[in-house]
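1. Fold the following.
(2 chains)
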There are 2 protein chains.
Amino acid sequence: MKAITLDSTKNSNLLLTEVQEKGVSEGEVRVSIKAAALNHRDEWCRQGLYPNIKDGVILGSDGAGIVTELGEGVDKEWLQKEVIVNPAMNWGENQKVQSASFEILGMPGNGTLAESVIVPVDRLHTKPDHLSWEEAGALPLAGLTAFRALTYKGSIQPGENLLVTGFGGGVAQFAVQFGLALDAKVSTSSSSKKKLEKAHALGVTHVFDYQYSNWTSKALTNVDGFDLIIDGAVGDTLGQLIQVAKPGGKIVFYGATLGNPSKLEARKIFWNQLQIIGTTMGSDLDFKNMVSLVCKKKIHPIIDRVFKFEEAEQAFDRMRDGKQMGKIVLVP
Amino acid sequence: MKAITLDSTKNSNLLLTEVQEKGVSEGEVRVSIKAAALNHRDEWCRQGLYPNIKDGVILGSDGAGIVTELGEGVDKEWLQKEVIVNPAMNWGENQKVQSASFEILGMPGNGTLAESVIVPVDRLHTKPDHLSWEEAGALPLAGLTAFRALTYKGSIQPGENLLVTGFGGGVAQFAVQFGLALDAKVSTSSSSKKKLEKAHALGVTHVFDYQYSNWTSKALTNVDGFDLIIDGAVGDTLGQLIQVAKPGGKIVFYGATLGNPSKLEARKIFWNQLQIIGTTMGSDLDFKNMVSLVCKKKIHPIIDRVFKFEEAEQAFDRMRDGKQMGKIVLVP
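-> Take a look at the predicted model:
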């Protein structure tokens, strides 16, 4: 089968190549991929930023497709089912935190950027009817991360003020969409006028351009403090987020693309009863609840562009450059 | 009546003096003070570290005594009742955070270091029978802060691993005692061998001397991560606390005597699903529940030393120098 593998001998670090299909073991299924999607993680894999990463691995965590082969012990009902794959493997039983054996599909094991992927049957969820293949393939990892940040970690309530920073990234986009679906009053920030226009069109109340240093005063004038802030940047913007958080509010971050903050105003945090909460990915329960919300509220993931496998390098470059507005999808 | 007031013309900044008693207004009561106690806050008031602080104010937040006079509209039942005073005024209805009009008895209004104090009747709680006057007077502010940190903020559960840093301070001492009462497995840290011995005697499982840089490895070997850490120091020890927190755990801090941290490892926080939570004082509900626990479990606050009002300067100096093991009490 065709697959996009890591190859450090290439300039692009990527190779679209023919790979020998493996056999399906007990409790596993083969899913014929209809659409896969990129996450920042895939670009970091391409750059070799993870330990244990090896040439030849098939990249990709997000995917949707049709079950074409069942391993021993798998219910016959699954055959030919249209499914999306939960890429969070071995979370374990503890809703608070992943187990030590937690891993994500697509590294170190083979991922979804291939004509098919083999996964344990418990990773499958029925594809929501209202989603196209591209939309279904775009949902998993970013949707899961956003959903856990908003609900289990952020406990968002109807009518609360939610700020999602960096609109345009996959998690941020889902956090905005899920926040709206859960009846929060959603604001978002970006440095791109075009992305902020898109956010407005989705139903976001206030948008802020974080390139302007006075965005925090504008936010406080317009919103009177955010009950919940979802962020993936941290760095020195954390101080600004602490400023615009409502006393008693929460800042939940799922990444730190800007690195560590150079300072933290402890007094503001304790006096204002703030919570700074880290989150990553999500549990099986989070995934199940996320798919339920997507079905119930007929949410459509925003697709930036659909690339063919042959255009993988362009797709990865677009992710690296942060030009996308929505998910970057790849189809075999 | 005699009272300890702020007087910046004195070397000690304190003056034990005769003060005109004020009248009791509608909804208020006069409490004849049997014992009062010091908090760090009182020392910071003495040092003039708060805005709005003025010479002549009677210091002191903690106190217990007998109701000797009722304002209009106050239930007659309160007269001659033995009470402790909740010094957290105007918290408001929101359990998450204090209202904008929140203030603490003893600054800017007159406090408990006097022969009597006037407070709204809703600040009164019946003195638990098993407590001496000194113990009852020592309970309020530090007990409230510790209780909220442990329960509403920390959600401590029976059997969980709790670390309370800086044993010896009032809040830390109560956090240890309440943690034990709530069936947590409690560890604590201090730089004083004597204080750690005292902690052991109370029933603490592990004690750590944070002067030794390897205390974190010792903690991880002995305890395998803390579900909850209660801290009042922050500064660069925050990084150590993040190291010894169990994945999925919480660090709740009620102060920052070591100032702001110079760095924060964002990746460790999100990957380990940690929560860094600020807290201060507590709501009326927190106070009520705290007193209930003290009654139910017959908890006795630890008293460091009892001073007479005439020895106020020594008492404050002892607080400033951090020599105390338990609460510093003052009696008229």
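2. Check what pLDDT the residue most central in space within chain A gets.
-> The centre of chain A sits closest to A:Ala142, judged by Cα atoms, centre = their mean, with a distance of 1.1 Å. Looking at A:Ala142, its pLDDT is 98.
3. and the spatially closest residue to it that is not a sequence neighbour, how far is that from A:His40?
-> Excluding the flanking residues, the one nearest A:Ala142 by Cβ to Cβ, 6 or more residues apart in numbering or on different chains is A:Gly170, at 3.3 Å. C-betas here are computed from N, CA, C, even on glycine. For A:Gly170, the distance to A:His40 equals 8 Å [Cβ to Cβ, to the nearest Å].
4. Can you pull the phi/psi pair for A:Ala114?
-> With angles defined as degrees, to the nearest 10, A:Ala114 sits at phi -160, psi 170.
5. quick one: it and A:Thr17 touch, right?
-> No - contact between A:Ala114 and A:Thr17 fails when scored by Cβ atoms under 8 Å: they sit 10.0 Å apart.
6. Find the residues that touch each one of the two.
-> Taking Cβ atoms under 8 Å, 6 or more residues apart in numbering or on different chains as the criterion, A:Ala114 and A:Thr17 both touch A:2-3.
7. More neighbours: these two, which one.
-> The neighbour comparison of A:Ala114 against A:Thr17 (other Cβ atoms under 10 Å in any protein chain shown) goes to A:Ala114, with 27 against 13.
8. and the nearest residue to that one once chain neighbours are set aside, what does it touch?
-> With Cβ to Cβ, 6+ apart as the criterion, A:Ala114 has its nearest non-adjacent residue at 3.5 Å, and that residue is A:Ala3. Listed by Cβ under 8 Å, 6+ apart, the contact set of A:Ala3 reads A:16-19, A:58, A:110, A:113-115.
9. and the nearest residue to A:Gly235 once chain neighbours are set aside, what does it touch?
-> Sequence neighbours aside, A:Leu258 is the residue nearest to A:Gly235 in space, at 2.6 Å (criterion: Cβ to Cβ, 6+ apart). Applying Cβ under 8 Å, 6+ apart to A:Leu258 gives the contacts A:233-237.
10. Skip the chain neighbours and tell me the closest residue to A:Glu26.
-> Excluding the flanking residues, the one nearest A:Glu26 by Cβ to Cβ, 6+ apart is A:Glu72, at 4.3 Å.
11. For A:Asn11, pull up the helix or strand it's in.
-> If you go by DSSP states H and E, A:Asn11 is not part of any helix or strand.
12. ditto for A:Glu313
-> Going by DSSP H and E, A:Glu313 is in helix A:312-321.
13. how far is that helix from where the chain is centred?
-> Taking Cα atoms, centre = their mean, to the nearest Å, one finds the center of helix A:312-321 at 17 Å from the center of the full chain.
14. and if you look at stretch A:64-79?
-> On Cα atoms, centre = their mean, the centre of stretch A:64-79 falls 26 Å from the chain's centre.
15. Show the end-to-end separation of it, please.
-> Length of stretch A:64-79, first residue to last, Cα to Cα, to the nearest Å: 14 Å.
16. Okay, buried residues for it please.
-> The neighbour-count check on stretch A:64-79 (16 or more other Cβ atoms under 10 Å in any protein chain shown) flags A:64-67, A:69-71, A:74, A:78 as buried.
17. Around chain B, which positions in chain A sit nearby?
-> A:94, A:96-98, A:234, A:247-248, A:253-256, A:259-280 (Cβ under 8 Å from any Cβ of the partner chain).
18. just the strands in the stretch 1-150 of chain A please.
-> A:2-6, A:14-18, A:28-37, A:62-70, A:82-85, A:88-89, A:103-104, A:116-120, A:124-126 (DSSP state E, counting those that start in this stretch).
19. quick one, helices of the stretch 101-250 of chain A?
-> Using DSSP state H, counting those that start in this stretch, the helices of the stretch 101-250 of chain A run over residues A:133-138, A:140-148, A:170-181, A:193-202, A:215-223, A:237-244.
20. Could you dump those helices into CSV with distance to A:Glu160 added?
-> CSV is the format used below for these (distance: least, Cβ to Cβ, whole Å):
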stretch, distance to A:Glu160
helix A:133-138, 27
helix A:140-148, 16
helix A:170-181, 9
helix A:193-202, 18
helix A:215-223, 11
helix A:237-244, 14
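21. Please identify the most buried of those helices.
-> Highest mean neighbour count among the helices of the stretch 101-250 of chain A (mean count of other Cβ atoms under 10 Å in any protein chain shown): helix A:140-148, with a mean of 28.
22. Give me the contacts around that helix.
-> So helix A:140-148 is in contact with A:37, A:39, A:41, A:61-63, A:84-88, A:104, A:169-175, A:178, A:230, A:254, A:279-283, A:286-287, A:289-290, A:293-294, A:301, A:327, going by Cβ under 8 Å, 6+ apart.
23. If we use 7 Å, what do you get?
-> Here helix A:140-148 makes contact (Cβ atoms under 7 Å, 6 or more residues apart in numbering or on different chains) with A:39, A:61-62, A:84-88, A:170-171, A:174-175, A:178, A:254, A:279-282, A:286-287, A:289-290, A:327.
24. Any of those residues buried? List them.
-> Buried among those (16+ other Cβ under 10 Å): A:39, A:61-62, A:84-88, A:170-171, A:174-175, A:178, A:254, A:279-282, A:286-287, A:289-290, A:327.
25. Against A:Leu238, how distant is the residue of the stretch 101-250 of chain A found nearest chain B?
-> Of all residues in the stretch 101-250 of chain A, A:Gly248 sits closest to chain B, at 3.3 Å by Cβ to the nearest Cβ. As judged by Cβ to Cβ, A:Gly248 and A:Leu238 stand 18 Å apart.
26. Could you do A:Ser191 as well?
-> In terms of Cβ to Cβ, A:Ser191 sits 17 Å off from A:Leu238.
27. next one: A:Gly56
-> Between A:Gly56 and A:Leu238 the computed distance is 39 Å (Cβ to Cβ).
28. A:Phe309 now?
-> Using Cβ to Cβ, A:Phe309 is found at 39 Å from A:Leu238.
29. One more: A:Val117?
-> Using Cβ to Cβ, one gets 37 Å for the distance from A:Val117 to A:Leu238.
30. again, but for A:Asp122
-> A:Asp122 sits 37 Å away from A:Leu238, going by Cβ to Cβ.
31. pretty sure A:Lys96 is in contact with B:Gly249, am I right?
-> No - if you go by Cβ atoms under 7 Å, A:Lys96 and B:Gly249 don't touch, sitting 8.3 Å apart.
32. Please say which of these two ends up with more neighbours.
-> Set A:Lys96 next to B:Gly249 and count neighbours by other Cβ under 10 Å: B:Gly249 wins out with 24 against 15.
33. ok, the closest residue in space to that one that isn't next to it in sequence - contacts?
-> Spatially, and ignoring its direct neighbours in sequence, B:Gly249 is nearest to B:Asp227 (5.1 Å; Cβ to Cβ, 6+ apart). With contacts defined as Cβ under 7 Å, 6+ apart, B:Asp227 is in contact with B:160-162, B:246, B:249.
34. now do 10 Å
-> A:96, B:154-157, B:159-163, B:184-185, B:245-246, B:248-250 (Cβ atoms under 10 Å, 6 or more residues apart in numbering or on different chains).
35. and what of A:Thr126?
-> With Cβ under 10 Å, 6+ apart, A:Thr126 has these contacts: A:78, A:81-84, A:291, A:295.
36. out of the residues you listed, which is most surrounded?
-> Top of the contacts of A:Thr126 by neighbour count (other Cβ under 10 Å): A:Ile84, with 29 neighbours.
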